[in-house]
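Enquirer: Here you go, sequence then predicted model.
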Amino acid sequence: LSVLLSLLVPAHTTRSPDCGGILTPSGLSYRKSGPRNSHAVSREGRQQHLSVRRNQINSIKVAELSLSLIPDTGLRLSSNVDFSITPTLSTTKVMRLSILVDLHVEMNPEGNLELVTSACKPTVEEMQSTEGKESQSSSSDVDEEINIDKICLEVSKLLLLPNEQLMSLTAQFPVTPSCRVQYLPLAAPVFSEQGITISLQTTFQVAGMAIPLPVSPVPFSMPEPASSSPSHLTLAFSEHFYTSLFFALEIAGAFNMTIPSPLTTATMAQKITQMGSLFQEDLPVTLQAVFRSSPRVVLEEGKGALKLFLTVHIGAGSPAFQSFLSVNVDMSAGLLLSIADIRMMISAAVIEDIELSLAASDVGPVPAALLEELFLPTIREEVPAQMNVVLSEGVFLPHISSFTYTDVNVTIHKDYVLVPCNLELRARTG
């Protein structure tokens, strides 16, 4: 398999999105509910971070903290922090530190998205003082008390955590023990009044090697978000995304199936007389199914279908399997989609259409009606059931660490799936 994949990889040169997401203004303003940020702090606890010289910091309160979109540019972080200091034993001052920071997102050489400061403007003003007239401070005293030059440096350090979280977007996630999925941004996000739009390309690794995926006949672009959508985030997945997923699982051999049958060679010999000359003893009949062509997903308004193209080898004997019939099976099953936490759950529903035809035979001609009588019930039941076992763990969605998805709605449209949802910050442990 590794040799085969190494020969295929150079053929995969196209870079085009097959999924993505739009973070809306309401998602940008989301914060974990909790108490207001007002704390008493010590000299050792906060003095270094606010660069206050020689003074005792008594309390800090975040009066305002907001993040807003600047269309075509990036983000603006606005923060007002009130804190009281004690320059002398007889004096207490309440100061307001206001910071305006402009941010944009770049793609770094490693292919990860990165928040970068493009402008930073801090200002400090004195809001209140208990000192007497003889000891009132001037504006220059305020500048002495707050080292403004270090404020922007401290702000840039605050971007370390969100940038670590952005790096988690491109992590590899397991689909099966031998198959992994990875979402790669193709460019920096686009900022507009509707939100922040990012386009992603899905790649799959089988046995540790990236595999070439089928080329999408139609380039995918993110659908325009509904202006009235209350959701924090809308994820979108193209029809090609699902076809690529099933292609990768097929390459990984995840859908090679061994299917037990209620038949034996003796019961089949009653219907096919030449069976008696092949097997001298009564053996259980087994079906081995492989894909003769890659599965295909078709999305229509309100529903999805999974098209399967199999060859089923029918035989007996273990461990030496002897095939005496091969049947081509074309079948279509409904596609069910749902979201659990940060995973998309995918399953094949009831078989909607199935057709059997004889591919090869060591026991003479077998009419189509007899093939259906002997094997159709087993194939109809077992093929989707075994595929659903493979799919049961779900497929990780594009996400960043520390967040999960709630209030999810999955809507199937022609050629793509929309997943509007809300963000929820996971509680930290430890």
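Expert: Done, it's in. Numbering: from 1, shown residues only.

Enquirer: all strands of the stretch 201-350 of the chain, in order?
Expert: Shown for the stretch 201-350 of the chain, the strands assigned by DSSP state E, counting those that start in this stretch span residues 209-210, 233-238, 257-264, 284-300, 303-316, 322-340, 343-361.

Enquirer: so what strands line up beside the shortest one?
Expert: Same thing as strand 209-210. strand 195-206 (antiparallel) (DSSP bridges).

Enquirer: what's the average pLDDT for the strand it pairs with?
Expert: The average pLDDT within strand 195-206 is 94.

Enquirer: Equivalent analysis for stretch 180-191, please.
Expert: So the average pLDDT for stretch 180-191 ends up being 94.

Enquirer: which residues sit against it?
Expert: 15-17, 19, 69-75, 104-107, 111-113, 169-175, 196-205, 245, 248, 395-396, 398 (Cβ atoms under 8 Å, 6 or more residues apart in numbering). Just so you know, the C-beta spots here come from the backbone N, C-alpha and C atoms, and that holds for glycine as well.

Enquirer: nearest to residue 382, of the strands of the stretch 201-350 of the chain?
Expert: strand 257-264 (4.5 Å; Cβ to Cβ).

Enquirer: which other helices and strands contact the closest one?
Expert: Packing contacts for strand 257-264, counted by 3 or more Cβ pairs under 8 Å, 6 or more residues apart in numbering; DSSP states H and E, involve strand 284-300, strand 303-316, helix 368-391.

Enquirer: Could you rerun that using 6 Å?
Expert: Here strand 257-264 touches strand 284-300, helix 368-391, going by 3 or more Cβ pairs under 6 Å, 6 or more residues apart in numbering; DSSP states H and E.

Enquirer: What angle do helix 368-391 and it make with each other?
Expert: Angle between the axes of strand 257-264 and helix 368-391 is 140 degrees (criterion: axes from the mean of the first three to the mean of the last three Cα atoms, to 10 degrees).

Enquirer: hmm, who's touching strand 257-264?
Expert: Residues outside strand 257-264 that contact it (Cβ atoms under 6 Å, 6 or more residues apart in numbering) are 282, 284-285, 287-289, 378, 382, 386.

Enquirer: Which among the helices and strands packed on strand 257-264 is found nearest to residue 414?
Expert: strand 284-300 (5.6 Å).

Enquirer: Okay, buried residues for the closest one please.
Expert: 285-289, 291, 294-299 (16 or more other Cβ atoms under 10 Å).

Enquirer: returning to that earlier point: from the strands of the stretch 201-350 of the chain, which stretch is densest packed?
Expert: strand 233-238 (a mean of 25; mean count of other Cβ atoms under 10 Å).

Enquirer: Okay, now the sheet partners of it, with direction.
Expert: Here, using DSSP bridges, strand 233-238 pairs with strand 19-23 (antiparallel), strand 416-425 (antiparallel).

Enquirer: relative orientation of the longest one and strand 343-361 in degrees?
Expert: When you say that, I think you mean strand 416-425. Computed by the same axes, to 10 degrees, the angle between strand 416-425 and strand 343-361 is 140 degrees.

Enquirer: Okay, buried residues for strand 416-425 please.
Expert: So for strand 416-425, counting by 16+ other Cβ under 10 Å, buried means 416-424.

Enquirer: Go through those and name the one nearest residue 153.
Expert: residue 423 (29.4 Å).

Enquirer: got JSON lines for the strands of the stretch 201-350 of the chain, with distance to residue 368 too?
Expert: Output for those, formatted as JSON lines (distance: least, Cβ to Cβ, whole Å):
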{"stretch": "strand 209-210", "distance to residue 368": "41"}
{"stretch": "strand 233-238", "distance to residue 368": "37"}
{"stretch": "strand 257-264", "distance to residue 368": "17"}
{"stretch": "strand 284-300", "distance to residue 368": "17"}
{"stretch": "strand 303-316", "distance to residue 368": "14"}
{"stretch": "strand 322-340", "distance to residue 368": "10"}
{"stretch": "strand 343-361", "distance to residue 368": "7"}
